[in-house]
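# Below are the sequence and a predicted model for it; my questions follow.
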Amino acid sequence: MVCSVFLCLPGPHVFLLVINLSLPFTEENRLSIEKHLSLFGERIWRHTIVLFTRADSLKDRNIEQHIKNQDLQQIIQRCGERYHIFDFKNKSAGVQELLDKIDDVVAANSGKHFETHNDMLLEIKRKRDENEVRAKAGQKMLQDKRDLLKEIKAVAPLSELRIVLLGWTLSGKSSTGNTIFNHEIFQIGKSQKGTNHTGDVNGRKITVLNTPSWWKYFSSKFNPKFAQAAILESISQSQHMQFPHAMILVIPVDTSFKNEQKRIIEEYMAILGEDVWRHTIVLFTWGDRFPDISIEQHIESEGGALQWLIKKCRNRYHVFDNSDKKNRDQVIELLQKIDEMVTENSLFCLKTQCAAEVNVHETDTEEEISLDTEEVLSLDTDHVLKLLYQEINNRFKRVTSKLKHLGMDFTECIEAKSDRSMTEPLNLSADERLMEMIRREGSRWEVILMDSILSIQNAEASSDGNMSPCSSDIVLRWFERCDEYYSFGCGTSILEDPEPRDIKRCKTQFAE
C-alpha cells in the first residue's frame, strides 16, 4: 500500500479515502484508518479528501446528519473538513465537483504534491525491493531443486494419492478440498469431525481427509478439548488415511502469520510426530487477493515466523485461488508437487499410538509461560471459551446491524441461533492481553463474513438495491458456514440440522 505512491512519481496530489455510507462507521473503523494512514506520516492528512459512496442507501435520511457520527467526524476533521459525496446517478456533475475540490487541495498545499522522498517511505520501499530480490532468488533455487529431482529420480505420477488437510478455522480447508475435486464435497465450516472423500481427479484416484480446525490465535490449551484428539482420531480411524502421502497445511495468504501462529502450529503438528514435516506442503489459500505480488515476496515480507514454517517443510509450498475452481492447472501442479515429495521421501506412516500417548490437554509448559501470558494461563479454560463465545455473540449483533443498513434483516435468524446455548448475558472479564486476542478472533470472523456478504451483494443485488431471494439464500448459507466458529468454543454444534427451522422460515419469507 505504501509503495503505491512510487507508481505515480513524483508523487500524488491527492488521496481519496473511500467510505461506504451503507455500513455503520465504528470506532474500530476509525482506528483502522488512522493506523493505515499513519504509515505515510502525518503529512498525508493535508492531501486527503473523504469520498462517500452509496449515499443512495440512506434513502430518506439526511446525509449531513448521518456523517455527524463522532468517529466519522474525527476522520473528516483530520482531513481539514474536506469530503465529497458521490452520486452515481449524476456521474458527470459529481466528478466535476470532485475535481474542483481536488484543485482546492492542491492550492492549499501551494501546488505541491505529496512528497515521496521521505526517509520512512524510502525505507519501506528499500525493504520491499530487497524482499523482491530474495524472493526471486528463492524461487529460482526451488525450481532448480525440482529440476534436479526430475533428473536424478524419475517422478512418476502415482495412480492413487491420499491427502490430509490441516489448518485453523476459516483457513479455507474445505474450499481446498472442493477445489481439488471441482465439486462441493466438503461443507464449509462443518469440520468438527474429520470427513473424507475419494474421487477421480485428472484420471487419478484421490482421497482427501478434512480434519477438525483449531483457533488461529489461541494455544491448544484454550482450544476445545476434542480438537487435537479429533485430528488424531479422524486420521487413525480411517483405514485409507493411516498411510497418507501428503499433509497439506492450509494458511490463508491474506492474513498475518506471526510467532503465535508458529507456536500453535508446532503444538498441533507435534501430535503427529517430528517426521510429519518431511511430508508436509504449505498451501496458501485466497491467492487471488494479491494478484500483483508473488508468493515468494509474501513469504519474504511476512517475516521470520512464516519463513521458519516454509523451511521446516523443506521449502514446499503452493498457492490456491479457491474462488476459481475451474482453474485445474493449480490442482495439477499441487499433485505434481506431492508426487515429487513422495519420490523424495518414503511413505509417511502416522504413528498414532505414540502420538496418542502425548497428553494433548495439559499444555502448561515452560515455553507457554515464556510467552508473557502467566495470567492468561491461570484462567480456567471454560472461562476463556466463554469469553470467545461472548465475543462472537457480540459480533453477530454487529453483523445484524450492518445488514439492516444494507436492507437485509436477518435478525430473527441470528437471534434464534444466538439464544440456543446461552439465554443469560455473560458478564466476564480478563487480562487486556487475553481480551485483545479474543477481539482479534472475533474481528477475523466478522471481516470474513461481511466481505463475503458484500461480494454477494455487489454481484447479485437487484436493480432496486435489494437482495434477490437467491442472494439472500447464499447469505444465509454463509451464516451456517460461519456458525461453527460461533459454536466452536462450546464444543457443540449449534446447527445440528443442516437446514434448521429458523433458516427454513427465513427462506420461506424471502420466497414470499
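Cool, got the structure.

# could you point out which element follows the helix or strand Gln74 falls within?
Element membership for Gln74, per DSSP states H and E: helix 70-78. Downstream of helix 70-78, the first helix or strand assigned by DSSP H and E is strand 83-85.

# Can you list the buried residues in that next one?
Within strand 83-85, the residues that count as buried by 16 or more other C-beta atoms under 10 Å are Tyr83, His84, Ile85. For glycine as for every other residue, the C-beta is placed from the backbone atoms N, C-alpha and C.

# Also stretch 158-174?
158, 161-174.

# domains of this structure?
Split into domains by automatic domain parsing, the chain comes to 2-108, 122-357, 378-511.

# Quick one, which of the ones you listed gets closest to Thr116.
Among those, the nearest to Thr116 by C-beta to C-beta is domain 2-108 (4.5 Å).

# Regarding that closest one, how distant is the last residue from the first?
23 Å (C-alpha to C-alpha, to the nearest Å).

# Looking at the buried residues of stretch 158-174, which are in strands?
Leu161, Arg162, Ile163, Val164, Leu165, Leu166, Gly167 (DSSP state E).

# Hmm, Leu249 and the third one touching each other?
Just to be clear, that refers to Ile163. No - under the criterion of C-beta atoms under 8 Å, Ile163 is not in contact with Leu249, lying 11.5 Å apart.

# possible to save the buried residues of strand 83-85 as CSV with pLDDT and distance to Ile67?
Putting those into CSV (pLDDT from 0 to 100; distance: C-beta to C-beta, whole Å) gives the following:
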residue, pLDDT, distance to Ile67
Tyr83, 93, 7
His84, 93, 12
Ile85, 89, 9
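
# before we move on, the earlier item: could you dump the domains of the chain into JSON lines with distance to Phe114 added?
As requested, the domains of the chain are exported to JSON lines (distance: least, C-beta to C-beta, whole Å):
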{"stretch": "domain 2-108", "distance to Phe114": "5"}
{"stretch": "domain 122-357", "distance to Phe114": "14"}
{"stretch": "domain 378-511", "distance to Phe114": "28"}
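
# Lowest mean pLDDT across these, which one is that?
Of all these, domain 378-511 carries the lowest average pLDDT, namely a mean of 59.

# circling back to that earlier point, out of the buried residues of stretch 158-174, which comes closest to Trp286?
Gly172 (6.3 Å).

# distance of that closest one from Val250?
6 Å (C-beta to C-beta, to the nearest Å).

# Can you work out which residues contact both of those two?
Thr285 (C-beta atoms under 8 Å, 6 or more residues apart in numbering).

# For my notes, confirm Pro12 occurs in a strand.
No - Pro12 is assigned coil when assessed by DSSP: H, G, I helix; E, B strand; the rest coil, not a strand.

# which non-adjacent residue is nearest it?
In this structure, Pro12 finds its nearest non-sequential neighbour in Phe114, 5.2 Å apart by C-beta to C-beta, 6 or more residues apart in numbering.

# Now do the contacts for that neighbour.
Phe114 touches Val5, Gly11, Pro12, His13, Phe15, Phe40, Arg43, Ile44, His47, counting by C-beta under 8 Å, 6+ apart.

# go with 6 Å
Phe114 makes contact with Gly11, Pro12, His47, according to C-beta atoms under 6 Å, 6 or more residues apart in numbering.

# In those, which residue is surrounded by the most others?
Top of the contacts of Phe114 by neighbour number is His47, holding 24 neighbours under the definition other C-beta atoms under 10 Å.

# and the gap between it and Arg82?
10 Å.

# ditto for Phe6
24 Å.

# So between these two, which is more surrounded?
Arg82 (22 against 15).

# residues contacting the more buried one?
Counting by C-beta under 6 Å, 6+ apart, Arg82 has contacts Ile49.

# please redo it, this time with the cut-off set to 10 Å
With contact taken as C-beta atoms under 10 Å, 6 or more residues apart in numbering, Arg82 is in contact with 14, 17, 45-51, 76, 101-102, 104-105, 108.

# picking that back up, got any residues that touch both of His47 and Arg82?
Val14, Ile102, Val105, Ala108.

# Now, the residues you listed that are in helices?
Counting by DSSP state H, the part of the shared contacts of His47 and Arg82 found in helices is Ile102, Val105, Ala108.

# quick one: which of the shared contacts of His47 and Arg82 is nearest Asp147?
Val14 (48.8 Å).

# Now do the contacts for that closest one.
Contacts of Val14 by C-beta under 10 Å, 6+ apart are 47-49, 82, 98-99, 101-106, 109, 113-114.

# Kindly report the same for Val5.
Counting by C-beta under 10 Å, 6+ apart, Val5 has contacts Gly11, Pro12, Phe15, Phe40, Ile44, His113, Phe114, Glu115, Thr116, Asn118, Leu121, Lys125.

# circling back: other SSEs contacting the helix holding Gln74?
strand 15-20, helix 27-37, strand 48-53, strand 83-85 (3 or more C-beta pairs under 10 Å, 6 or more residues apart in numbering; DSSP states H and E).

# Cys3: what secondary structure?
helix.

# Distance to Trp445 for the buried residues of strand 83-85 - can I get that in a markdown table?
What follows is the buried residues of strand 83-85, written out as a markdown table (distance: C-beta to C-beta, whole Å):
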| residue | distance to Trp445 |
| --- | --- |
| Tyr83 | 31 |
| His84 | 33 |
| Ile85 | 31 |
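
# returning to that earlier point: got the angle for the helix holding Gln74 vs helix 27-37?
30 degrees (axes from the mean of the first three to the mean of the last three C-alpha atoms, to 10 degrees).

# and the angle from helix 70-78 to strand 15-20?
Using the same axes, to 10 degrees: helix 70-78 against strand 15-20 is 160 degrees.

# which of the residues in helix 70-78 are buried?
Leu72, Ile75, Ile76, Arg78.

# ok, the first one touching Phe25?
It stands for Leu72. Yes - under the criterion of C-beta atoms under 10 Å, Leu72 makes contact with Phe25 at 4.6 Å.

# what do the two both touch?
Ile19, Ile33, His66.

# Any idea how many residues pack against His183?
12.

# In contact with the spatially closest residue to it that is not a sequence neighbour, which residues are there?
Setting aside the residues directly before and after it, His183 is nearest to Gly199 in space (C-beta to C-beta, 6+ apart), at 7.5 Å. Counting by C-beta under 10 Å, 6+ apart, Gly199 touches Ile180, Phe181, Asn182, His183, Ile185, Lys205, Ile206, Thr207, Val208.
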